[in-house]
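Peer 1: Compute the structure for the input listed below.
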Amino acid sequence: MFCHPRAVRIFHVVAVCLLFPVMSAHAAPNLPPSVIDEGGLFFPGEQPGTVTPAPLVKTEIDAAVSGPVVRYMLRHTFVNMGDEWSEAIYTYPLPTDSAVDHLRMTVGDRTITGRIEEKAEARRQYKAAKSSGQRASLVEQQRPNIFTTSLANIAPGENITVEIGFQETLTMRDGRFRLRMPLVVGPRYIPGAPVEGFHSTGWSKPTTAVADAHRITPPVRGEAEVPGNPVTLTIDLEAGFPLAALESPSHDIVINKEADGHARISLKNSVPADRDFTLVWQARAGTAPAAGLFTETVNGARYALLMLNPPADTATAAGTPPRDVVFVVDTSGSMHGASMDQAKAALRLALDRLQPDDGFRIVRFSDTLSDFRPSAVRVSAENIGAAKSFVSGLEAEGGTEIVAALGHALRRSRTKGRLTQVVLLTDGAVGNEKALFETIGRYLGGARLFTVGIGSAPNGYLMTRAARAGRGTFTYIETPDEVAGQMSELLVMLERPALTDVSLNWQGDAIGNEVWPNPVPDLYMGEPVQVLAKLAPGTSAIDIAGRIAGTVWQTRVPIQQGQNRPGIAALWARQKIKGLEAPYLNAEERDTVRSEIVKTALAFGLVSRHTSLVAIDTEKARPEAATLASAEVPTNMPDGWSHAHVFGGAETRPPRAPDRALQKTRTFDATDPMLRHALAGSGGKLANLPQTATPAPLALLIGLILAVIGWWSRRWARMAT
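Peer 2: Predicted coordinates for the structure are as follows:
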């Protein structure tokens, strides 16, 4: 037998090529194909043939409700399942306009409290700590309802908890309070051309229309993967009045009533973060508060929250003015399934509610739009029947060009002497909210815009801001069971006269009072006037006045009636920042407005678009020689959403998530020793695993065989010479 030396070298080259992926796995766990299943999530590693376990996260939420104010403590526990030091990046929602003012990081028995800094400085400090091996966490606002927590230098097998504190005010409608805690950021439609040459951590690059798209598009778990990110939640409710009803339309809960108006509520089981949590409670007949004044004194300054519900009997018998109602319905891919069914049911109810003198239009939109009729038509049996047939034929496909659709609805000519009411039914899953607000400001005129949030995870920021800009209201329909009740309330509201020309007159030496929102917006009957104020020392009372169907309504609230509540000052500051941000979009003196936002946020320790919370451990944790892997924690697809309709169809879908987030999965052998090694320290719990690993055992076997053959061939060649 004779082997040419060149043949011997070829054997060695092939063997080394096959062995290299296995040897390189020392840099990151290189798992066999058997681990690729529904139980864990791994991202491609830095080197070919390697994978990096994505950090896991679990969420605990504690809420304390006192009257109209709710204080939250949210704890994210990050788990590093891999063999490398890790940086975890997690994007999550919070209630719109939450006052985020607390950050604490816990590692073992060490606790590090965060501090507020300007955003650029907070990022600089975080990056420096990350590079030097110190544990650090950073909380940033991407939208008023979307936040990101970055956590650097998690040791292999280590758990680190990041606690965030925030608060909000609750609104009341017709005697019912509704708490809504969003739990998942649904995939957003991102219009515009991608900005090339940009490395994105999200599934979308920045675009010409959404410059921060990469910050609001975290990776999404695949369709075949089990939802992750488990959530537990408890609420201590002190309503301030006897309760007639207390329920959650979204989740199974356990209720322990401890006293009249006081109850403790918890989730029946831990749940995946894939739909918003809602809790609704209602006062016993005759016990709902007509007015509420809550105050807090901080650093010698007094702050007040006023909630006042004008009595329904102040409305005159003038009735509803002649009107045209325009229904704008979202039929994009994210509305597929239950959301589309809810939207259709809501439209049918609305059509049945129209009065003989009303006119109506229906505009359907996805990445295209179409009208039921070119212009408004009067209510008749024939027109209503044809409209219901049009509604029945609606199907959810394509993108969400909401700006063009609403602009189309608002620009159409209006009949003089008739009120135009626009009802927008959507999940609001878009990233270009700013363009929508600008369109409303440009074309609204004398019309009113009402938003109806559909589905398990609507974009609360878009829905509430659009309704406020449109001088209307926001209604949330979460489940099919809520369609009739929620739509009936909205439609009755559309028929009621609005409280307009609302004015506040401060009694006493009230020079220097600062009130937000300013001016107070129009309100519909059943919704309370809600304002936050920084009071001058001599303020003694507030006179509130307005007009309802041409009739003057007014009342007075003495300041001494105020009940002490912690957190009012921070809520006032958050409302001020919200008020400043609106003109900031178009302000000529942007630097001045930005400076005032930063000043307010720093003074009250709040996260804003220009400030962030950062916590840095003084001790160095990661060794010099250890590398740091970075990965975003994947989010769940919202309950009821379809992967195929959100990400499928190149001509109608938003930018596709990276393959690592959407690949199919297959079964694994949990007894595999390589799997056990890779998951050491994780408590045996697995997240979801897209199919990214390579057939390393097979490569190892073939490589070893070829290496042996090569060795014997080389030896034989030497003997032959």
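Peer 1: Low-confidence regions, this structure specifically.
Peer 2: Counting by pLDDT under 70, the chain has low-confidence residues at 1-54, 199-201, 289-290, 311-320, 413, 583-588, 649-721.
Peer 1: Can you pull the domain assignment for it?
Peer 2: Using automatic domain parsing, the domain ranges for the chain come out as 56-284+611-620, 291-311+499-604, 323-496.
Peer 1: Could you dump these into a markdown table and include mean neighbour count and distance to Thr635?
Peer 2: For glycine as for every other residue, the C-beta is placed from the backbone atoms N, C-alpha and C. As requested, the domains of the chain are exported to a markdown table (neighbours: other CB atoms under 10 Å; distance: least, CB to CB, whole Å):
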| stretch | mean neighbour count | distance to Thr635 |
| --- | --- | --- |
| domain 56-284+611-620 | 19 | 5 |
| domain 291-311+499-604 | 17 | 25 |
| domain 323-496 | 20 | 10 |
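Peer 1: Is it possible to get CSV of the ones you listed that adds distance to Gly640?
Peer 2: Below are the domains of the chain laid out as CSV (distance: least, CB to CB, whole Å):
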stretch, distance to Gly640
domain 56-284+611-620, 8
domain 291-311+499-604, 29
domain 323-496, 4
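Peer 1: which one of those domains lies closest to Glu632?
Peer 2: Closest of those to Glu632 is domain 56-284+611-620, at 4.5 Å (criterion: CB to CB).
Peer 1: and that closest one, how far apart are its ends?
Peer 2: 23 Å (CA to CA, to the nearest Å).
Peer 1: And for stretch 179-196?
Peer 2: With CA to CA, one end of stretch 179-196 sits 41 Å from the other.
Peer 1: Run the chain-centre distance for it.
Peer 2: Here stretch 179-196 is found 8 Å from its chain centre; the criterion is CA atoms, centre = their mean, to the nearest Å.
Peer 1: Likewise for stretch 373-389?
Peer 2: 37 Å.
Peer 1: And for stretch 173-189?
Peer 2: 9 Å.
Peer 1: which stretch of helix or strand covers Ala570?
Peer 2: Assigned by DSSP states H and E, Ala570 belongs to helix 568-584.
Peer 1: In terms of secondary structure, what does that helix contact?
Peer 2: In terms of contacts (3 or more CB pairs under 8 Å, 6 or more residues apart in numbering; DSSP states H and E), helix 568-584 is packed against strand 99-107, strand 159-169, strand 291-298, strand 301-308, strand 514-516, strand 529-535, helix 590-604.
Peer 1: what about 6 Å?
Peer 2: strand 99-107, strand 291-298, strand 301-308, strand 514-516, strand 529-535, helix 590-604 (3 or more CB pairs under 6 Å, 6 or more residues apart in numbering; DSSP states H and E).
Peer 1: Next, the angle from it to helix 590-604.
Peer 2: 170 degrees (axes from the mean of the first three to the mean of the last three CA atoms, to 10 degrees).
Peer 1: picking up where we left off before, can you list the helices and strands packed on helix 568-584 in TSV and add distance to Ile548?
Peer 2: Compiled in TSV, those are given as follows (distance: least, CB to CB, whole Å):
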stretch	distance to Ile548
strand 99-107	32
strand 291-298	17
strand 301-308	14
strand 514-516	21
strand 529-535	12
helix 590-604	34
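Peer 1: Can you check which of the ones you listed gets nearest to Thr161?
Peer 2: Of all these, strand 99-107 sits nearest to Thr161, with 4.4 Å by CB to CB.
Peer 1: Note down every partner strand of that closest one and its orientation.
Peer 2: Neighbouring strands of strand 99-107 in its sheet, by DSSP bridges, are strand 110-113 (antiparallel), strand 159-169 (antiparallel).
Peer 1: just how off-centre is that strand within its chain?
Peer 2: With CA atoms, centre = their mean, you get 19 Å for strand 99-107.
Peer 1: Contacts for it, please.
Peer 2: Strand 99-107 has contacts (CB atoms under 6 Å, 6 or more residues apart in numbering) with 112-114, 135, 137, 139, 160-163, 165-167, 570-571, 574, 605-607, 613, 615.
Peer 1: do that again at 7 Å, thanks
Peer 2: Strand 99-107 has contacts (CB atoms under 7 Å, 6 or more residues apart in numbering) with 94, 111-114, 135, 137, 139, 160-168, 570-571, 573-574, 604-607, 613, 615, 617.
Peer 1: same check, this time on stretch 149-160
Peer 2: The contact list for stretch 149-160, computed with CB under 7 Å, 6+ apart, reads 55, 76-80, 82-90, 105, 107, 126, 129-130, 133-139, 162, 621-622, 628, 680-681.
Peer 1: Can I get that stretch as CSV, trimmed to CA atoms?
Peer 2: C-alpha atoms of stretch 149-160 as CSV (Å, rounded to 0.1, in the frame of the first residue of the first chain):
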residue,chain,number,x,y,z
THR,A,149,-33.2,47.3,30.7
SER,A,150,-29.6,46.4,29.9
LEU,A,151,-27.7,44.3,32.4
ALA,A,152,-24.0,43.7,32.0
ASN,A,153,-21.6,41.1,33.4
ILE,A,154,-23.9,38.2,34.5
ALA,A,155,-21.6,35.4,35.5
PRO,A,156,-22.2,31.8,34.1
GLY,A,157,-25.0,30.2,36.1
GLU,A,158,-25.8,33.5,37.9
ASN,A,159,-29.1,35.1,38.7
ILE,A,160,-29.4,38.9,39.0
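Peer 1: sorry, back to before: mind checking the domains of the chain for the one nearest to His645?
Peer 2: Closest approach to His645 among the domains of the chain (CB to CB): domain 323-496, 3.7 Å.
Peer 1: Helices along the stretch 551-700 of the chain, start to end?
Peer 2: With DSSP state H, counting those that start in this stretch, the ranges of helices along the stretch 551-700 of the chain come out as 568-584, 590-604, 643-647, 659-662, 673-678, 696-720.
Peer 1: same question, the stretch 1-150 of the chain
Peer 2: Under DSSP H, counting those that start in this stretch, the stretch 1-150 of the chain gives helices at 5-23, 119-132.
Peer 1: From Phe294, how far off is Val139?
Peer 2: Using CB to CB, to the nearest Å, one gets 27 Å for the distance from Val139 to Phe294.
Peer 1: hang on, isn't Leu499 packed against Gly526?
Peer 2: No: at 10.2 Å, Leu499 does not count as touching Gly526 under the criterion of CB atoms under 7 Å.
Peer 1: which residues does Gly508 contact?
Peer 2: Gly538, Thr539, Ser540, Ala541.
Peer 1: in the sheet, who's paired with the closest residue to Ser503 other than its chain neighbours?
Peer 2: Spatial nearest neighbour of Ser503, chain neighbours left out: Ala545 (5.1 Å); criterion: CB to CB, 6 or more residues apart in numbering. Using DSSP bridges, the bridge partners assigned to Ala545 are Ser503, Gln554.
Peer 1: got the contact list for Ala545?
Peer 2: Ser503, Val552, Trp553, Gln554.
Peer 1: how near is the first one to Pro182?
Peer 2: Distance of Ser503 to Pro182, given as CB to CB: 34 Å.
Peer 1: repeat for the third one
Peer 2: Trp553 sits 35 Å away from Pro182, going by CB to CB.
Peer 1: Using the three-state scheme, assign Thr464.
Peer 2: Here Thr464 is recorded as helix under DSSP: H, G, I helix; E, B strand; the rest coil.
Peer 1: how close does it sit to Trp572?
Peer 2: Where Trp572 is concerned, Thr464 sits at a distance of 18 Å (CB to CB).
Peer 1: And for Ala285?
Peer 2: Per CB to CB, Ala285 is found 33 Å from Trp572.
Peer 1: Pick out the residue closest to the middle of this structure.
Peer 2: Pro93 (3.2 Å; CA atoms, centre = their mean).
Peer 1: Surely that one touches Pro144?
Peer 2: No: counting by CB under 7 Å, Pro93 sits too far from Pro144 to count as a contact (10.3 Å).
Peer 1: quick one: contacts for Asp358?
Peer 2: Counted by CB under 7 Å, 6+ apart, Asp358 has contacts Arg323, Val325, Val379.
Peer 1: Equivalent analysis for Ala122, please.
Peer 2: Here Ala122 is in contact with Leu138, Ser612, Val614 (criterion: CB under 7 Å, 6+ apart).
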